[in-house]
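>>> This is the structure alone, sequence omitted:
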């Protein structure tokens, strides 16, 4: 259903992971070399099971997998709102490579299939579907096994699960999208640093078949002759005007029996490729849908983005492109259609965008969700309705995010500082245990990283370490009560500052995504995950910043106050 259309506002609810995470570390050496220096953006996303929102969905009910990629690492975590999942957090490292922000989690009746890539390889990990995992064949400590419980290094090293790219290492992929075809093949469409699209297809799982690799390029016959022998340095690589900046893959019957790659390019064009024929079947100039003309010569696209949304009720596919220019940026929403044997794009909406740095966008059929960082490096999340031809007419609404943690802790004179600080630091939901453990590691300047600890053990360790620091500071001479109190405050405050700094890093947004069947919107961060949920009426009044809440909100549901004066008074309160 359309959630954003009916809520007055949305607020962030961080998921308290508590003691749930015990990381399983798997390190895979594929013998690549020299690519560790490549820098790719950190990204994150989430997946929920197809029927997860249905009552009686059984094992898949209320479960979510989220992922993060950074440097040589892919993290996968499965969470459940109902039960503890055993073996639910996996960290896969490729020490001689770099993980590409190209992760797809796909579901079949019997399996969960994770597709991902590094700059030199593509991988397919096939896991049992939650509905196929029984409690009986599992001797875990508690709860029920996660889909990752049995994933082992042997699985990742097994040659049927990966393919090393034959692509020249200098033309490596830097982002991508994946798709599981109806025939069970795994498709990877990846934008290369040279500007082309690399299309890799793995045969159906468990079947000996050929892996195909194709490069999709806009090229006339003449150009092909040229590019055969002119080194890519001279051709201009990523600077070439039709270089692909972002892409997605989709298949739906109304567009024919083919899997299509949609790409937004440096020349502001949206292109549609057939993966069957490896040919470009449609293209549109997105600037045609922008009211004020933009001088193309002076404005090559740098950070254009693309996302898709599939409306399963009406069987329609929507694409949203983010176009970013020096002086302004906008979102263009289109719908690819097949008419009289020709593909083209129908324009749905063009929306003005804030002048901030877009981190991630997600389109569900009725709402566009976006996450930004502003000039103060603060996270801002906004959404806008694009329903029913009146797209964007109410403008952007801002999500009420978690307030930043307070820079200091007030300790009343009668209270022991260590008690006050411990209470504050371990207040449920304030800092993750990972954040506190990292702060402890830095504070005591130790070499050994603190292993996964429970809250109780961690609290004890923090107390011991800070107390030792205080004792060090007072051994030199006799100190008065007041001075001792100041030294305590100083040492505790130093530890608290470590916590807030790591908390800030952990709060960095990596991706936003929503799920059609449960209507949940999920914000993936560097150190955790939050949900954005509709606020009820009272929360809206209490939490929204001054000036956002208007008298007309109170005359509408859920308040239905009929008297104008009363509406105005409540807002003033």
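Structure's in. What do you need? Everything numeric here is computed off the predicted structure, so don't read it as measured data.
>>> Tell me how far the closest residue to residue 375 other than its chain neighbours lies from residue 376.
Distances taken as CB to CB, 6 or more residues apart in numbering place residue 356 nearest to residue 375, at 7.3 Å, with adjacent residues excluded. Every residue, glycine included, has its C-beta placed from N, CA and C. Separation of residue 356 from residue 376 (CB to CB, to the nearest Å): 10 Å.
>>> before we move on, what about residue 175?
Using CB to CB, residue 175 is found at 27 Å from residue 376.
>>> out of those two, which sits in the busier spot?
Remark: of residue 175 and residue 376, residue 175 carries more neighbours, 20 against 6, as counted by other CB atoms under 10 Å.
>>> Can you verify my assumption that that one contacts residue 100?
Yes: under the criterion of CB atoms under 8 Å, residue 175 makes contact with residue 100 at 6.4 Å.
>>> who touches both of these two?
With contacts defined as CB atoms under 8 Å, 6 or more residues apart in numbering, the residues adjacent to both residue 175 and residue 100 are 40, 190.
>>> hang on, the earlier thing: ok now do the residue nearest to residue 375, which residues does it touch?
372, 373, 374, 375, 380.
>>> Over to it: give its phi and psi.
Dihedral pair for residue 356: phi -130, psi -180, per degrees, to the nearest 10.
>>> what about it, distance to residue 45?
Computed with CB to CB, the distance linking residue 356 and residue 45 is 21 Å.
>>> number of nearby residues for residue 307?
By other CB under 10 Å, 23 other residues sit near residue 307.
>>> Just give the number of residues close to the residue nearest to residue 395 when sequence neighbours are not counted.
Spatially, and ignoring its direct neighbours in sequence, residue 395 is nearest to residue 384 (7.0 Å; CB to CB, 6+ apart). Number of residues near residue 384 (other CB under 10 Å) recorded here: 21.
>>> mind listing the strands for the stretch 101-250 of the chain?
Using DSSP state E, counting those that start in this stretch, the strands found in the stretch 101-250 of the chain span residues 111-118, 121-128, 144-145, 162-164, 173-180, 186-192, 197-202, 212-216, 244-250.
>>> Nearest to residue 69, out of those strands?
Residue 69 sits nearest to strand 111-118 of all these, at 7.8 Å, using CB to CB.
>>> Could you list every helix and strand in contact with that closest one?
strand 99-107, strand 121-128, strand 173-180, strand 186-192 (3 or more CB pairs under 8 Å, 6 or more residues apart in numbering; DSSP states H and E).
>>> secondary structure element for the residue nearest to residue 395?
Element membership for residue 384, per DSSP states H and E: strand 379-385.
>>> Show me what that strand pairs with in its sheet, parallel or antiparallel.
Using DSSP bridges, the strands paired with strand 379-385 are strand 367-373 (antiparallel), strand 397-398 (antiparallel).
>>> mean confidence score for the shortest one?
Pointing back at strand 397-398 there. For strand 397-398, the mean per-residue pLDDT is 92.
>>> same thing with the longest one?
Throughout strand 367-373, pLDDT has a mean value of 94.
>>> Need the contact partners of it.
The set of residues external to strand 367-373 that reach it, using CB under 8 Å, 6+ apart, is 2-5, 320, 331, 333, 351, 353-354, 356-363, 379-387, 509, 511-514, 521, 523, 532.
>>> starting at the chain centroid, how far to that strand?
Distance of strand 367-373 from the chain centroid (CA atoms, centre = their mean, to the nearest Å) equals 11 Å.
>>> Give the bridge partners for the spatially closest residue to residue 216 that is not a sequence neighbour, please.
Nearest residue to residue 216 in three dimensions, chain neighbours excluded: residue 197, at 4.0 Å (CB to CB, 6+ apart). Beta bridges link residue 197 to residue 191, residue 216 when assigned by DSSP bridges.
>>> Run a quick neighbour tally on residue 197.
Look at residue 197: counted by other CB under 10 Å, it has 26 neighbours.
>>> quick one: residue 394 is in a strand?
No: Residue 394 is assigned coil when assessed by DSSP: H, G, I helix; E, B strand; the rest coil, not a strand.
>>> burial count for the residue lying closest to it once chain neighbours are set aside?
Distances taken as CB to CB, 6+ apart put residue 385 closest to residue 394, at 6.4 Å, once the chain neighbours are dropped. The burial count assigned to residue 385 is 19, neighbours taken as other CB under 10 Å.
>>> What of residue 529?
Counted with other CB under 10 Å, residues neighbouring residue 529 total 20.
>>> I'd assumed residue 78 was in contact with it.
No: with contacts counted by CB under 8 Å, residue 529 stays clear of residue 78, the gap being 11.4 Å.
>>> can you list residues touching both of the two?
The contact sets of residue 529 and residue 78 overlap at residue 64 (CB under 8 Å, 6+ apart).
>>> any idea which element residue 267 lies in?
Of the helices and strands defined by DSSP H and E, none includes residue 267.
>>> Distance-wise, check the nearest residue to it once chain neighbours are set aside relative to residue 195.
Leaving aside its chain neighbours, residue 267 sits nearest to residue 241 (4.4 Å; criterion: CB to CB, 6+ apart). From residue 241 across to residue 195, the span is 9 Å (CB to CB).
>>> any residues in contact with both of those two?
The contact sets of residue 241 and residue 195 overlap at residue 266 (CB under 8 Å, 6+ apart).
>>> More neighbours: which of the two?
residue 195 (23 against 15).
>>> right, and that one touches residue 267 too?
No: applying CB under 8 Å, one finds residue 195 not in contact with residue 267, separated by 10.7 Å.
>>> okay, and the common contacts of the two?
Counting by CB under 8 Å, 6+ apart, the residues touching both residue 195 and residue 267 are residue 242.
>>> Let me see the ranges of the strands in the stretch 451-573 of the chain.
Under DSSP E, counting those that start in this stretch, the stretch 451-573 of the chain gives strands at 509-514, 521-525, 528-534.
>>> Can you tell me which of the helices and strands packed on strand 111-118 is most buried?
Ranked by mean neighbour count under mean count of other CB atoms under 10 Å, these are led by strand 186-192, which reaches a mean of 25.
>>> Just the buried positions in stretch 425-444, please.
Neighbour-count burial for stretch 425-444, with 16 or more other CB atoms under 10 Å as criterion, is recorded at 425-426, 430-441, 443-444.
>>> for stretch 453-471, that is, sorry about that
Residues 453, 458, 459, 461, 462, 466, 469, 470 are the ones in stretch 453-471 that count as buried (16+ other CB under 10 Å).
>>> what pLDDT does residue 296 get?
For residue 296, the model assigns a pLDDT of 56.
>>> Thanks again, I'm all set now.
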